[in-house]
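Trainee: For reference, the sequence and a predicted model appear below.
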Amino acid sequence: MELQGGCYCGGLRYQAKGDPLFKGQCHCRECQYITGGHPNAVMAMPESGFSYTKGSPKQFRRSDLEKPVTREFCPECGTHILGKASALPGAVIIKVGTFDDPSVFGGPQMVIFTIDKQSFHHVPGGVPTFERAPG
């Protein structure tokens, strides 16, 4: 699979090649901040197949968390492109909304961090759910 995507203003573009490691819907509190209150649709891809083709991202990592996620976003418009988690070495967790064709996502294979789920969040039926991350 080869994905192309970028930010809202077009200043940051990327490509991702390889087989998806997982497709998820994350309800963690951090994702709620990033999305404005809803869960985040993400696809993890091999970091070795990911590259920026235009622009350079800004990075942010919280210093008050034990295992913070490194988040990369457009320095101009603020679009959150991806996260890198120590629990998933060798992977980039790309935000589906940044894909040129978000329909390739198809839907989540799992729903994670339901412990932080809000009453107005929708969890698709028939998909495995986890209070935190699986495994």
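Mentor: All right, it came through fine.

Trainee: Number of residues surrounding R13?
Mentor: 18 (other C-beta atoms under 10 Å). C-beta: built from backbone N, CA, C; applies to glycine.

Trainee: Just list whatever residues bridge to it.
Mentor: Here R13 shows beta-bridge partners G6, K54, assigned using DSSP bridges.

Trainee: for this protein, what's the longest strand?
Mentor: strand 40-46 (DSSP state E).

Trainee: Mind giving me the packing neighbours of it?
Mentor: Applying 3 or more C-beta pairs under 8 Å, 6 or more residues apart in numbering; DSSP states H and E, we find strand 40-46 packed against strand 13-17, strand 22-26, strand 91-95.

Trainee: So which of these is nearest V123?
Mentor: strand 22-26 (7.6 Å; C-beta to C-beta).

Trainee: circling back: could you export the helices and strands packed on strand 40-46 as CSV, including distance to V123 and mean pLDDT?
Mentor: What follows is the helices and strands packed on strand 40-46, written out as CSV (distance: least, C-beta to C-beta, whole Å; pLDDT from 0 to 100):
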stretch, distance to V123, mean pLDDT
strand 13-17, 26, 98
strand 22-26, 8, 97
strand 91-95, 19, 97
